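Peer 1: got a structure for you, letters missing:
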Ligand SMILES: [Zn+2]
């Protein structure tokens, strides 16, 4: 599905953190924390870097058939570290594969802790890139290559951490299961299969969302903990008409009908909604703000139904998406000749649906608001998976806070609801609470996921390794 890459382009992990927390990036926040000086074990650093470089060399784009080979490589790393070969299972799904590695805990009655990521990457063409996207190149302190961030960085850090823990003899209380999908960027068939297989899991940690933002000077700004995603959906509005010669106008005219319906939809606002996650987001944002936005957030937190506060916040694109379902016209097409009455006019309405709201209910609302039975509203594409936000569990918040504060004492940790779509939505849809907890801190200017010349700073490795070590030790109890 092509739309998924469009979603991500608009809401890349760190862009999302920075967009949500636009005020912080604008410099209102001056976090008085020192840049984390996580000095890791040099041997572990080298191993993690080696795994990342090797990972990039597998061209795991859709249709290239390289995911199984990449999975075999990751399996070899885990088996070398002491995992039983039978505990690392690679299964083919459609033309891709899943990898499931079982790190056995001491208490089999406890539900497993699932760690997820995706082995596939978005297409990258050699002629468009400065360097070969599938040859890992280290230059100026960066590892360049497709997937160096999304999502092979986290996969490499998690794999290196699990291998280290295994070698050291560490035993978790509950089973830790690494579950990697193979088509997250496209069909998500492998994701839906993994979610079905592990719907009994205690919770999911996903390295493909959340994460830290550094200022351009390299100072930590904020950490985003992703605990919910809006549902992405496109709807088509279609008006058809027998048409005719433009010298003999008839009523109604399909383009005019569509235009009037679009205008009504453009003026419509879906009802304001809130959940634990969005309220926590506003609560965490408040101390860093002053002026009208702070006043509006204060009133909103005192009463999330306050119409004035909702109106004030809805006028700000930084906050609008946190308050309600949004639907906007993104494409329009109509008519077939300059001198003919239009036989057809079609518009695309792109919606970001608040967690818990049904896609079909949004379709019905759009049809009602269009208020013309000749404007037919249909769901376009099949990728809309409804999922509710995950509860902000204390154990998860504590574990994330501990891991982040070990590197950046006192850094603000802000819960976030992204515009969609990661593997997590499939796990949330089957009832497993899922959290985007990437260990990567990056500058906004270093973010090129899905784009050209994707790169990750080598200096991010030690901190991310410490992050995963801490999270696993805290949550696998
Ligand atoms: Zn990703």
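Peer 2: Perfect, thanks for sending it. Everything quoted here is computed from the prediction, not taken from an experiment.
Peer 1: can I assume residue 328 sits in a strand?
Peer 2: Yes - the assignment for residue 328 is a strand, going by DSSP: H, G, I helix; E, B strand; the rest coil.
Peer 1: OK, contacts around it?
Peer 2: 266, 349-350 (C-beta atoms under 8 Å, 6 or more residues apart in numbering). From N, CA and C alone the C-beta is placed, and that goes for glycine too.
Peer 1: please name the bridge partners of it.
Peer 2: On the basis of DSSP bridges, residue 328 is bridged to residue 350.
Peer 1: distance between stretch 424-434 and the chain's centre?
Peer 2: Centre-to-centre, stretch 424-434 and its host chain are 13 Å apart (C-alpha atoms, centre = their mean, to the nearest Å).
Peer 1: buried ones in it, by neighbour count?
Peer 2: Neighbour-count burial for stretch 424-434, with 16 or more other C-beta atoms under 10 Å as criterion, is recorded at 424-430, 432-434.
Peer 1: please apply the same query to stretch 240-252.
Peer 2: Within stretch 240-252, the residues that count as buried by 16+ other C-beta under 10 Å are 241, 243.
Peer 1: for it, which outside residues touch it?
Peer 2: The contact list for stretch 240-252 (C-beta under 8 Å, 6+ apart) reads 253-254, 257, 338-344, 374.
Peer 1: let me have the residues you listed in a markdown table, extended by secondary structure.
Peer 2: Listed next are those as a markdown table, based on three-state DSSP:
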| residue | secondary structure |
| --- | --- |
| 253 | coil |
| 254 | helix |
| 257 | helix |
| 338 | coil |
| 339 | coil |
| 340 | strand |
| 341 | strand |
| 342 | coil |
| 343 | coil |
| 344 | strand |
| 374 | coil |
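Peer 1: and which of those is nearest residue 171?
Peer 2: Using C-beta to C-beta, residue 344 comes nearest to residue 171 of the contacts of stretch 240-252, at 64.5 Å.
Peer 1: so the closest one is in contact with residue 253, correct?
Peer 2: No - judged on C-beta atoms under 8 Å, residue 344 makes no contact with residue 253 at a distance of 11.7 Å.
Peer 1: who has more neighbours, these two?
Peer 2: The neighbour comparison of residue 344 against residue 253 (other C-beta atoms under 10 Å) goes to residue 253, with 19 against 16.
Peer 1: contact partners for the more buried one?
Peer 2: Residue 253 sits next to 241, 341-342 when contact means C-beta under 8 Å, 6+ apart.
Peer 1: need these in a markdown table (columns: distance to residue 186).
Peer 2: Formatted as a markdown table, the contacts of residue 253 follow (distance: C-beta to C-beta, whole Å):
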| residue | distance to residue 186 |
| --- | --- |
| 241 | 36 |
| 341 | 40 |
| 342 | 34 |
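Peer 1: let me know the closest of the residues you listed to the ion.
Peer 2: residue 342 (40.6 Å; C-beta to the ion).
Peer 1: next up, phi/psi of the closest one, please.
Peer 2: phi -70, psi 130 (degrees, to the nearest 10).
Peer 1: I'd assumed residue 254 was in contact with it.
Peer 2: Yes - in this structure, residue 342 is within contact of residue 254 by C-beta under 8 Å, at 4.4 Å.
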